[in-house]
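J.: fold the following.
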Amino acid sequence: MLAAGATLFSLPANAQSGYGQSAYERQANLQPFQYTSHGARAVPSRVLHLYVDRDFSQREQDNLVSALRQWNHVLNGMLRMEARLLPEDPSGAELARIKRNGGWLILRVDSRHAVAHRGEGLNALAVTVGGSNGGAVYVISDRMGGRDFAGVMMHEFGHVLGAGHGHQGLMGPVYSAAASRCIDQASASLVAQAQRLPLREMNWCEGPSYDRGRPVANHGHSHTGAAISR
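T.: All right, here's what the predicted structure looks like:
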């Protein structure tokens, strides 16, 4: 459970998709995978603070935690993301202060929100706006449908960490059920470049359905119509 003030720690060294195959993955008939497990640093050199909207359901919060834990395992102690719930009914000044201090807001909106009516937001599942000085992730909840929420959030957290879109894998520009299952080597590499981290000391997922970190099959369960914006 994502609780106010709670720190999110990295996955166990032998973690597989967080806790083994999820119900979503079993239903989609996706093959299991595992993350690599390089020796982690005891104390992170940097911490990135996220502030999560209380409007997310408990299930969405659980998926959000899974996404954060997988990224923290990939970052392997060199950088860590920590999250807490926003106060109830935060003021505009409070939200501005969070971003001014380099924090990130994770907000649940719907397609009536202004961000869904301009630029990449016109067709996006979620929109990440900001940079090294903080920003916001707008999750357009009524566009999610049956898509894997944890996978969508892993993609957006890649943008929070500075990655742009890649050609394939988790950070590809179009949602795919197979590619969104975990953080592949190509996507980890994009974050390594953005954060100036040594890729050889990071982790990424490997398994029967991955070829050097790239998904090689989606078992017919990709949703290619919805772009995911930066």
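J.: residue 78 reaches residue 196, doesn't it?
T.: No. Using Cβ atoms under 8 Å, residue 78 makes no contact with residue 196, being 9.8 Å away. Yep, even glycine has a C-beta here, placed from its N, CA and C like the rest.
J.: quick one: pLDDT of the residue most central in space within the chain?
T.: Nearest residue to the geometric centre of the chain (Cα atoms, centre = their mean): residue 154, 1.8 Å. Here, the pLDDT recorded for residue 154 equals 96.
J.: just say helix, strand or coil for it.
T.: Three-state call for residue 154 (DSSP: H, G, I helix; E, B strand; the rest coil): helix.
J.: which residues touch the nearest residue to it once chain neighbours are set aside?
T.: Nearest residue to residue 154, sequence neighbours excluded (Cβ to Cβ, 6 or more residues apart in numbering): residue 67, at 4.4 Å. Shown in contact with residue 67 (Cβ atoms under 8 Å, 6 or more residues apart in numbering): 150, 151, 153, 154, 157.
J.: ok, then the element right after the longest helix that the chain contains?
T.: Selection of the longest helix in the chain by residue count, based on DSSP state H, yields helix 58-75. Using DSSP states H and E, the helix or strand that follows helix 58-75 in sequence is strand 79-85.
J.: tell me what that next one is packed against?
T.: For strand 79-85, the packing partners by 3 or more Cβ pairs under 8 Å, 6 or more residues apart in numbering; DSSP states H and E come out as strand 46-52, helix 58-75.
J.: can I get the next helix or strand after that strand in CSV? Just the C-alpha atoms.
T.: Per DSSP H and E, the first helix or strand lying C-terminal to strand 79-85 is helix 92-100. The C-alpha trace of helix 92-100 is given here as CSV (Å, rounded to 0.1, in the frame of the first residue of the first chain):
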residue,chain,number,x,y,z
GLY,A,92,-2.3,25.6,-5.8
ALA,A,93,0.5,27.2,-3.8
GLU,A,94,1.4,23.9,-2.3
LEU,A,95,1.5,22.1,-5.6
ALA,A,96,3.6,24.9,-7.0
ARG,A,97,6.0,24.6,-4.1
ILE,A,98,6.5,20.8,-4.7
LYS,A,99,7.4,21.4,-8.3
ARG,A,100,9.6,24.4,-7.5
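J.: now do stretch 125-138: everything it contacts.
T.: Under the contact criterion Cβ under 8 Å, 6+ apart, stretch 125-138 has outside partners 98-107, 109, 113, 115-116, 120-121, 139-140, 143-144, 147, 152-153, 155-157, 159-160, 162, 175, 226-230.
J.: returning to that earlier point: take the helices and strands packed on strand 79-85 and write them to JSON lines, including mean pLDDT and distance to residue 185.
T.: Formatted as JSON lines, the helices and strands packed on strand 79-85 follow (pLDDT from 0 to 100; distance: least, Cβ to Cβ, whole Å):
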{"stretch": "strand 46-52", "mean pLDDT": "94", "distance to residue 185": "21"}
{"stretch": "helix 58-75", "mean pLDDT": "94", "distance to residue 185": "10"}
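J.: many thanks, I have nothing further to ask.
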